[in-house]
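Asks: Fold the following and give me the result.
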Amino acid sequence: LKHVFSKDKTFRPKRKFEPGTQSFELHKRAQGSLYSGADLKAAVQLPNGEDQNDWVAVHVVDFFNRINLIYGTICEFCTERTCPVMSGGPKYEYRWQDDKKYKKPTALPAPKYMNLLMDWIEMQINNEDLFPTHVGKCKEE
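Replies: As a prediction, the model looks like this:
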């Protein structure tokens, strides 16, 4: 698996939550419910007394980490030659626009599109205004 996690691939390390923070405790609770065999509705339900924004942020970051892992396992098979278009089947083509380098929706090979997308998502997640890392210390129980 060493080639899958090579630093020159698009795989990015997981964003971690600092132990002792409320986000860390919410992350542990989310992880525990996902692996407990509980139904999905119960796994994503907002725990009593928790802030909805914090709960959603934890799940967004966790989803990003999981997508990173999945993409890391397939990215070597999807090259600019084998995947010249970012598509969702024959009827849908995704185009990139970021209002910086790509001012208009631009067709890109799938790997380039995915690199830009993952960079953009990571930038959003690392933006303290959108996803604060020090929401608060977890409550003593």
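Asks: Distance of the nearest residue to Lys104 once chain neighbours are set aside relative to Asn126?
Replies: Distances taken as C-beta to C-beta, 6 or more residues apart in numbering put Gln97 closest to Lys104, at 6.3 Å, once the chain neighbours are dropped. C-beta coordinates here come from the backbone N, C-alpha and C atoms, glycine included. Counting by C-beta to C-beta, to the nearest Å, the gap between Gln97 and Asn126 amounts to 21 Å.
Asks: One more: Ser87?
Replies: To Asn126, Ser87 is 29 Å away according to C-beta to C-beta.
Asks: likewise Gly72?
Replies: From Gly72 to Asn126 the distance is 19 Å (C-beta to C-beta).
Asks: Neighbour count for the two, which is higher?
Replies: Applying other C-beta atoms under 10 Å to Gly72 and Asn126 shows that Gly72 carries more neighbours, namely 17 against 12.
Asks: Quickly find the element holding the more buried one.
Replies: Here Gly72 sits within helix 52-74, counting by DSSP states H and E.
Asks: Buried residues, that helix. List them.
Replies: For helix 52-74, burial by neighbour count (16 or more other C-beta atoms under 10 Å) applies to 54-55, 57-59, 61-62, 64-65, 68, 71-72.
Asks: helices or strands up against it?
Replies: In terms of contacts (3 or more C-beta pairs under 8 Å, 6 or more residues apart in numbering; DSSP states H and E), helix 52-74 is packed against helix 22-35, helix 110-125.
Asks: next SSE after it?
Replies: Going down the chain from helix 52-74, the next helix or strand is strand 95-96, by DSSP H and E.
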